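Novice: based on what follows, work out the 3D shape:
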Amino acid sequence: MPSQTFDNFSHAIQDSIDLMQNFDTLNKQPPPPEIEVLKRASLVMALAALETYFEDRIAEAVHTACEKSRDEDRLKIFYKQSLEVDLKTFHSPNVERVRSIFKKYLSLDVTEGWSWNHCNQEQAKSELNRLVKKRGDIAHRSLRPVVGQPVAHPVTKDDMRKHIHFIKELVKATDVYLESQL
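Specialist: Predicted coordinates for the structure are as follows:
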């Protein structure tokens, strides 16, 4: 059964999908250069949805652990407050950040569950790190094409569709893994 956080992610990722649909609607021959921003924005939104998923999913799991625990209330409060503090600095969900926060609070290496059809754990980790870097470059350096300087766009339509699919599969695999371990 998917977590509440999974359901929230499914709603949030729709912004990225909508941006790509708007790109498709506005795209014509030749493609207007001003609509390229929709693909870059789609990637930024997709990674924001993923980051929020990881943050909310660990908070959900910690809350559940505290509810099941017989420990004293002050230990539960400390545990939850420590997570809140750590989540304030949890940005750009690369593999090491995701792994370390789940290890710290749940004693689980969540990356162990990152495999699905045509994607093994190492491929998933490599792809996540690549996407996080790409999102950072786009968000902080724009990578907006410059008129008169022919350079490949940082996000192609086909790549963006693959990115969204990858992120959705990563979330699904994470949710299934956590469900089986908690």
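Novice: low-confidence ranges, the chain, go.
Specialist: Residues of the chain meeting the criterion pLDDT under 70: 71, 142-152.
Novice: ok, residue 97 to residue 7 distance?
Specialist: According to C-beta to C-beta, to the nearest Å, residue 97 and residue 7 sit 24 Å apart. The C-beta positions use only the backbone N, C-alpha and C, and glycine is treated the same way.
Novice: neighbour count for these two, which is higher?
Specialist: Between residue 97 and residue 7, counted using other C-beta atoms under 10 Å, the more crowded position is residue 97 (17 against 11).
Novice: which non-adjacent residue is nearest the more buried one?
Specialist: residue 90 (6.2 Å; C-beta to C-beta, 6 or more residues apart in numbering).
Novice: send the alpha carbons of the host helix or strand of residue 82 over as PDB?
Specialist: Using DSSP states H and E, residue 82 maps to helix 73-87. The C-alpha coordinates for helix 73-87 follow below in PDB (Å, rounded to 0.1, in the frame of the first residue of the first chain):
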ATOM      1  CA  ASP A  73       8.000  11.200  25.300                       C
ATOM      2  CA  ARG A  74      11.100  13.400  25.700                       C
ATOM      3  CA  LEU A  75      13.100  10.900  23.500                       C
ATOM      4  CA  LYS A  76      10.400  11.000  20.900                       C
ATOM      5  CA  ILE A  77      10.400  14.800  21.000                       C
ATOM      6  CA  PHE A  78      14.200  14.900  20.600                       C
ATOM      7  CA  TYR A  79      14.100  12.400  17.700                       C
ATOM      8  CA  LYS A  80      11.500  14.400  15.800                       C
ATOM      9  CA  GLN A  81      13.100  17.800  16.600                       C
ATOM     10  CA  SER A  82      16.500  16.500  15.400                       C
ATOM     11  CA  LEU A  83      14.900  15.400  12.100                       C
ATOM     12  CA  GLU A  84      13.300  18.800  11.700                       C
ATOM     13  CA  VAL A  85      16.700  20.500  12.100                       C
ATOM     14  CA  ASP A  86      18.400  18.100   9.600                       C
ATOM     15  CA  LEU A  87      15.600  18.600   7.100                       C
END
